[in-house]
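*Asks:* Next come a sequence and a model predicted from it.
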Amino acid sequence: MDENPADMPETVPGDTRMPELVIITGMSGAGRSETIHTFEDLGYFCIDNLPPSLIRQLVDLTRLPGNRIRRLAIVCDVRGKEFFDELAGELKRLEDSGVPFRLVFLEAADDVLVRRFKETRRRHPLCDETGSVTEGIRDEREALAGIRSRADVVIDTSELKPQDLRHVLKERFFTDNLASTLAITVSSFGFKYGVPADADIVMDVRFLPNPYYDHELRDLTGLEERVRAFVLGRDETSDFLRKWLDLLGTLAPGYLMEGKSHLAVALGCTGGMHRSVVLAEETATYLRGLGYSVATSHRDIGRDRERL
């Protein structure tokens, strides 16, 4: 026998955590697609055009033991036709059940929406075969008036370019934990084996003294303390690190605000075994301290050792 969604338990035994839930709605042509893409880039599990009656069921699924989805972004709009009429009731049910959520409403001036539909040559979802875009916009605005009045965030995109909308969303929603939404890979490499093709930022550290010419250090790597002490004990290294890390601390937030979700930083020395390894580890430690999610990779760390 099928269960009625209204009869489903309000909580799932064994897990009392609530996911972070964002519901996105608003005028067609006002930027819902760009908004859902922004949330997706920032690590949300996203669903476009979900019938409102399924929102609570989706929340309950995320609370099952072992589920790793902790952030949800859902678009509900008039494309759902008769299903959309259920949205107000579902929002009330979420509130009564103690499920926290934020409602984002996107809008734009009528003339802007008309221009956007003409530019994309798309049909307004409320237009029949004989109706005009203007009539569809008017009907949609009337249908959404009640939902707009209860929105937590209303964003007018009339004067916003896509990158501006991303910036506004991040300022409104991610100021406190923005760093955690950018995944950074810090890698070391040897220039004689080629520069990594996927690197966004490449730093050449071959100007620093090379442990390779110390016979006691030659067959060690930058992961070992004696090599670290050799590299980090130099005044020129200290001066470089101070300026390099300050530069990264300035660049990373800029990449975030431009919509980048992954940043690849590569440091290279001659063979990728000593200096670049030490400094990649120092760089990763610094970035983790700023709250970024950081992975390290040492592509060529064993190649020179194999040749010795």
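*Replies:* That came through, no problem. No experiment lies behind these values; they were computed from the predicted model shown. Residues are numbered from 1 along each chain as shown.
*Asks:* quick one: the helices in the stretch 151-300 of the chain?
*Replies:* Here the stretch 151-300 of the chain has its helices, by DSSP state H, counting those that start in this stretch, at 162-173, 225-232, 235-257, 275-289.
*Asks:* Tell me if I am right that residue 25 is in a helix.
*Replies:* No. Under DSSP: H, G, I helix; E, B strand; the rest coil, residue 25 sits outside any helix and is assigned strand.
*Asks:* And it, how close does it get to residue 134?
*Replies:* According to CB to CB, to the nearest Å, residue 25 and residue 134 sit 21 Å apart. Using the backbone N, CA and C atoms, a C-beta is placed for each residue, glycine as well.
*Asks:* who's more crowded, the two?
*Replies:* In this view residue 25 and residue 134 are compared by other CB atoms under 10 Å, and residue 25 has more residues nearby, 23 against 15.
*Asks:* Report pLDDT for that one.
*Replies:* Here, the pLDDT recorded for residue 25 equals 92.
*Asks:* Can you give me every residue that contacts it?
*Replies:* Counting by CB atoms under 8 Å, 6 or more residues apart in numbering, residue 25 makes contact with 32, 75-77, 87, 103-106, 144, 147, 151.
*Asks:* Which helix or which strand is home to residue 46?
*Replies:* strand 45-47 (DSSP states H and E).
*Asks:* Let me know the average pLDDT across the helix or strand following that strand.
*Replies:* The first helix or strand that comes after strand 45-47 along the chain, using DSSP H and E, is helix 55-62. Helix 55-62 shows a mean pLDDT of 87.
*Asks:* which secondary structure elements does helix 55-62 contact?
*Replies:* Helix 55-62 sits against strand 20-26, strand 71-75, helix 87-96, with contacts defined as 3 or more CB pairs under 8 Å, 6 or more residues apart in numbering; DSSP states H and E.
*Asks:* which regions of the protein lie under the pLDDT threshold?
*Replies:* 1-17, 79-84, 121, 128-131, 174-181, 257-259, 305-308 (pLDDT under 70).
*Asks:* May I have the phi/psi pair for the residue positioned nearest the centre of it?
*Replies:* Most central in the chain under CA atoms, centre = their mean is residue 42, positioned 1.6 Å from the mean C-alpha point. The phi/psi pair for residue 42 (degrees, to the nearest 10) reads phi -100, psi 20.
*Asks:* For residue 278, see how far away the residue of the chain positioned farthest from its centre is.
*Replies:* If you look at how far each residue of the chain sits from its centre, by CA atoms, centre = their mean, the farthest one is residue 215, at 46.1 Å. For residue 215, the distance to residue 278 equals 19 Å [CB to CB].
*Asks:* Also residue 210?
*Replies:* Taking CB to CB, one finds residue 210 at 12 Å from residue 278.
*Asks:* and those two? which has more neighbours close in?
*Replies:* Using other CB under 10 Å, the more surrounded residue of residue 210 and residue 278 is residue 278, with 26 against 19.
*Asks:* residues in contact with that one?
*Replies:* 222, 227-228, 231-232.
*Asks:* Pick out whichever of these sits closest to residue 262.
*Replies:* Nearest to residue 262 among the contacts of residue 278 is residue 222, at 24.1 Å by CB to CB.
*Asks:* burial measure for that closest one, as a count.
*Replies:* 25.
*Asks:* Residue 213 now?
*Replies:* Residue 213: 8 neighbours (other CB under 10 Å).
*Asks:* how about it, what does it touch?
*Replies:* Going by CB under 8 Å, 6+ apart, the list of residues near residue 213 is empty.
*Asks:* Next: residue 45.
*Replies:* Residue 45 sits next to 62, 69, 71-73 when contact means CB under 8 Å, 6+ apart.
*Asks:* Show the buried residues in the residues you listed.
*Replies:* Among the contacts of residue 45, those buried by neighbour count (16 or more other CB atoms under 10 Å) are 62, 71-73.
*Asks:* Could you say which helix or strand holds residue 122?
*Replies:* Using DSSP H and E, residue 122 sits in no helix or strand.
*Asks:* What sits closest to it if chain neighbours are left out?
*Replies:* Nearest residue to residue 122, sequence neighbours excluded (CB to CB, 6 or more residues apart in numbering): residue 29, at 8.0 Å.
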